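>>> Sequence and predicted model, in that order:
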Amino acid sequence: MKWIKIKIDYFSDNLEITKNKLISLLSEIGIDQIEVVDYFSENKLDYDSNKYQNSVWSIIGYVIDNRFTNTKLNILIESLNSYQEENQELMYEIYTSGCSENDWKDEWKKYFKTTKITDKITVKPSWQEYEKEEEDEIVIEIDPGMAFGTGTHETTSLCVELLEKYSAGKENLLDIGCGSGILMLIGKKMGINNVDGIDIDPNVKNVVIENMQRNHINENYNVIIGNLVDDVDEKYDIIVSNILVDVLTQLLDSIETVLKDGAIIIFSGILKEKSEDFIKMAETHSFIEIERKEKNKWSAVAFKYEKDK
């Protein structure tokens, strides 16, 4: 799997506050596994950098190199520019560099810890031990293979909360942009018989299969490699999609082809300031908003599909 390494060198009058802000900006594009280098000095890493004084700090993060990479980088740069306009003392430089999975193979694991996503659902990395706190607690063991989707990011946890609520009685689920398969796994644990996932990254298939096997799920699931719903032939009574809102907007034009009448659709990855516009657009596609949840800067929305609305 190919990755893009992002390094931000920065200086401001208040480095600690700036550090927290930059961590938040990276999180907004799905980068939670980061390295923070305080008092960064002479260290070229993978970049052609000059000698820095101790007053310059750095943050390093990684994003999968695929068709959405440029969109994510543009969002990050726009956010950095806006923050700089608000804080004239801030100076920063941003570098990117291609790297392979082996370049940081195990480094990211230290950021993924056992996390209780809801009262009943806990996600744990495959390399950690964990004892159930309650008898009916559902523990998902996952090795995301460095793919976004551990369940710990706000957009994923919001999706999990809505999936837990609306999965009862559903027969088949589709996860659009399935990544590690975390939402597929939770769907199975919630009692959904058949779960499918689709993702544009061909490396995802092996990751999902390994995670399913790790959780003793050996049948009634499938991974499709393709773009959005272009290669999907089935119809579903529940769909989840945790991707960037610009891609979700594109998805609205084609998603009805894979929906059963009365299906539940859960969209996440929506910045709060964009949620109203997105919901208005969705409601022009026979979708009725039934619930909205928010966490920090993120929104997730559950809709009901009514074909004849």
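Cool, the structure landed. Numbering: from 1, shown residues only.

>>> Run through the helices of the stretch 51-200 of the chain in chain order.
Using DSSP state H, counting those that start in this stretch, the helices assigned to the stretch 51-200 of the chain run over residues 69-86, 154-166, 182-189.

>>> Columns distance to Glu210 and mean pLDDT on top of those, output as CSV?
For every residue, glycine as well, the C-beta is placed using N, CA and C. Formatted as CSV, the helices of the stretch 51-200 of the chain follow (distance: least, C-beta to C-beta, whole Å; pLDDT from 0 to 100):
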stretch, distance to Glu210, mean pLDDT
helix 69-86, 24, 90
helix 154-166, 18, 92
helix 182-189, 11, 94
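
>>> Now mean neighbour count and distance to Arg292 too, for those, in JSON lines please.
Shown next, in JSON lines, are these (neighbours: other C-beta atoms under 10 Å; distance: least, C-beta to C-beta, whole Å):
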{"stretch": "helix 69-86", "mean neighbour count": "14", "distance to Arg292": "22"}
{"stretch": "helix 154-166", "mean neighbour count": "23", "distance to Arg292": "9"}
{"stretch": "helix 182-189", "mean neighbour count": "26", "distance to Arg292": "18"}
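
>>> closest one to Ile198 among these?
Nearest to Ile198, of all the helices of the stretch 51-200 of the chain, is helix 182-189, at 10.4 Å by C-beta to C-beta.

>>> one step back: let me know which of the helices of the stretch 51-200 of the chain is the nearest to Val301.
Set against Val301 and scored by C-beta to C-beta, those come closest in helix 154-166, at 8.3 Å.

>>> can you list the helices of the stretch 51-200 of the chain in CSV and add distance to Ile270?
Shown next, in CSV, are the helices of the stretch 51-200 of the chain (distance: least, C-beta to C-beta, whole Å):
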stretch, distance to Ile270
helix 69-86, 13
helix 154-166, 8
helix 182-189, 16
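
>>> And those: which comes nearest Glu131?
Using C-beta to C-beta, the helices of the stretch 51-200 of the chain put helix 182-189 closest to Glu131, at 17.8 Å.

>>> Next, the angle from the closest one to helix 154-166.
Per axes from the mean of the first three to the mean of the last three C-alpha atoms, to 10 degrees, the angle that helix 182-189 makes with helix 154-166 is 20 degrees.

>>> Check whether Thr257 sits in a helix, strand or coil.
helix (DSSP: H, G, I helix; E, B strand; the rest coil).

>>> tell me the contacts of it?
Taking C-beta atoms under 8 Å, 6 or more residues apart in numbering, we find Thr257 in contact with 229, 232.

>>> Equivalent analysis for Asp13, please.
Asp13 is in contact with Glu89, counting by C-beta under 8 Å, 6+ apart.

>>> Looking at the helices of the stretch 51-200 of the chain, spot the one closest to Asp246.
Of all these, the one in closest proximity to Asp246, counting by C-beta to C-beta, is helix 69-86 (6.4 Å).

>>> pLDDT weak spots in the chain?
Applying pLDDT under 70 to the chain flags residues 1, 33, 37-55, 100-112, 144-152, 309.

>>> if you set the cut-off to 50 instead, what comes out?
39-54, 146-148 (pLDDT under 50).

>>> Quick one: the strands in it, in order.
Along the chain, the stretches classed as strands by DSSP state E are 2-11, 34-37, 57-64, 91-100, 115-116, 121-125, 138-142, 172-176, 194-199, 221-225, 236-242, 259-271, 287-295, 298-305.

>>> Dump the ones you listed into CSV; add distance to Asn20 as well.
Below are those laid out as CSV (distance: least, C-beta to C-beta, whole Å):
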stretch, distance to Asn20
strand 2-11, 12
strand 34-37, 10
strand 57-64, 10
strand 91-100, 15
strand 115-116, 20
strand 121-125, 25
strand 138-142, 27
strand 172-176, 32
strand 194-199, 32
strand 221-225, 37
strand 236-242, 24
strand 259-271, 18
strand 287-295, 17
strand 298-305, 17
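
>>> Quick check: which of those strands is nearest to Leu252?
That would be strand 287-295 among the strands of the chain, by C-beta to C-beta, at 8.0 Å.

>>> just to revisit the earlier point, format the strands of the chain as CSV; extra columns: mean neighbour count.
As requested, those are exported to CSV (neighbours: other C-beta atoms under 10 Å):
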stretch, mean neighbour count
strand 2-11, 19
strand 34-37, 17
strand 57-64, 23
strand 91-100, 14
strand 115-116, 14
strand 121-125, 21
strand 138-142, 19
strand 172-176, 27
strand 194-199, 24
strand 221-225, 18
strand 236-242, 26
strand 259-271, 22
strand 287-295, 16
strand 298-305, 23
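
>>> what's near enough to touch Lys124?
Contacts for Lys124 (C-beta under 8 Å, 6+ apart) come out as 114-115, 130, 139-142.

>>> rerun that using 7 Å as the cut-off
Counting by C-beta atoms under 7 Å, 6 or more residues apart in numbering, Lys124 makes contact with 114, 130, 139, 141.
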